[in-house]
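Colleague: no sequence for this one, just the structure:
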């Protein structure tokens, strides 16, 4: 019963968050991606740049560049939009399935009152926004400091290395924040070390310019788009995680906490005989 309700809450929260996130992306992020794809297509149709002019002919041979030759991708238009919305919804549902149990568990372990609407809507929303902000820092902000969001046409380090660094950074971010804010012991300051660790190791870097192989004019325009893209994705993801955190807190307070209260064992009291 508890898992069923948790799944339904995560499905509802994820669906609403994913749809709203898709609208924000459509307004802020997608136009920049489409503009970059125009430059990418123009660069592919242009004559190849010689090694003497760039010194980076091997950029496409190592699999690190954004090359879609021979790979399936959805058709532009409704199909592409549908897959984007589906990905956003599934991502939000999965995050909610992790976030809501953590909210309820941590709140009870710290001896606080159950997350309930009786505490007031403002308190519940603040609780959710804090969790959403922590998720944004762990899952977007920290990884983006080492691996900024990339546009089509930009070259980058090998995909496997970037994925490993991203996962490690997200785990260090979540673990570091948990140690700093959820642990009362003095050694919680070690959370700072976890936050710094991924950057001490260093993010994987591409050997050469991310705009190698492009004409100077196209490189300048793509660089300007990349700066706008970094800001747009940061804003869109912040709205996504803050909304997700707030909705998760409301769902826990409204539908999960009452069920947890009924499932909790009653305290055992010893009878004293006179």
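Modeller: The structure has been received and is ready for your questions. These numbers come from a predicted model, not from an experiment. Residues are numbered from 1 along each chain as shown.
Colleague: can you classify residue 207 as helix, strand or coil?
Modeller: On the three-state scheme (DSSP: H, G, I helix; E, B strand; the rest coil), residue 207 is labelled coil.
Colleague: so how far is residue 157 from it?
Modeller: To residue 157, residue 207 is 8 Å away according to C-beta to C-beta, to the nearest Å. The way it works is simple: take the backbone N, C-alpha and C, and place the C-beta from them, glycine included.
Colleague: equivalent analysis for residue 6, please.
Modeller: Applying C-beta to C-beta, the value for residue 6 to residue 157 is 38 Å.
Colleague: now do the SS call for the closest residue to residue 15 other than its chain neighbours.
Modeller: Among residues not flanking residue 15 along the chain, residue 89 sits closest, at 5.6 Å (C-beta to C-beta, 6 or more residues apart in numbering). With three-state DSSP as the basis, residue 89 sits in helix.
Colleague: distance-wise, check residue 89 relative to residue 17.
Modeller: 8 Å.
Colleague: the two: who's more crowded?
Modeller: Neighbour comparison, residue 89 and residue 17: the larger count goes to residue 17, with 28 against 19 (by other C-beta atoms under 10 Å).
Colleague: and that one, what is it in contact with?
Modeller: By C-beta atoms under 8 Å, 6 or more residues apart in numbering, residue 17 lies in contact with 88, 89, 92, 96, 240, 243, 244, 247.
Colleague: next, count neighbours for the first one.
Modeller: Neighbours of residue 88 under the rule other C-beta under 10 Å: 22.
Colleague: show the pLDDT at the closest residue to it other than its chain neighbours.
Modeller: Distances taken as C-beta to C-beta, 6+ apart place residue 18 nearest to residue 88, at 4.0 Å, with adjacent residues excluded. Looking at residue 18, its pLDDT is 96.
Colleague: how about the helix or strand containing residue 18: buried residues?
Modeller: Assigned by DSSP states H and E, residue 18 belongs to helix 2-28. Neighbour counts using 16 or more other C-beta atoms under 10 Å place 6, 9-10, 13-18, 20-22, 24-25, 28 of helix 2-28 among the buried residues.
Colleague: of all those residues, which comes closest to residue 79?
Modeller: Within those, the smallest distance to residue 79 is 14.3 Å, found for residue 22 (C-beta to C-beta).
Colleague: give the contact list for residue 241.
Modeller: Residue 241 makes contacts with 95, 132, 133, 135, 136, 139, 140, as judged by C-beta under 8 Å, 6+ apart.
Colleague: how far is the helix or strand harbouring it from where the chain is centred?
Modeller: Secondary structure from DSSP H and E places residue 241 in helix 216-251. Distance of helix 216-251 from its chain centroid, counting by C-alpha atoms, centre = their mean, to the nearest Å, is 10 Å.
Colleague: could you give the angle of that helix to helix 2-28?
Modeller: 150 degrees (axes from the mean of the first three to the mean of the last three C-alpha atoms, to 10 degrees).
Colleague: show me which positions of helix 216-251 end up buried.
Modeller: In helix 216-251, counting by 16+ other C-beta under 10 Å, buried: 218-219, 221-222, 225-226, 229-230, 232-234, 236-251.
Colleague: avg pLDDT for that helix?
Modeller: When pLDDT is averaged over helix 216-251, the result is 93.
Colleague: related to what we said a few turns ago, distance check, the residue nearest to residue 88 against residue 199.
Modeller: In this view, residue 18 and residue 199 are 31 Å apart by C-beta to C-beta.
Colleague: please apply the same query to residue 94.
Modeller: Distance, residue 94 to residue 199, using C-beta to C-beta: 26 Å.
Colleague: residues contacting the host helix or strand of residue 143, please?
Modeller: Assigned by DSSP H and E, residue 143 belongs to helix 142-146. Outside helix 142-146, the residues that touch it by C-beta under 8 Å, 6+ apart are 165-166, 169-170, 172-173, 195, 198-199, 202-203, 230, 233-234.
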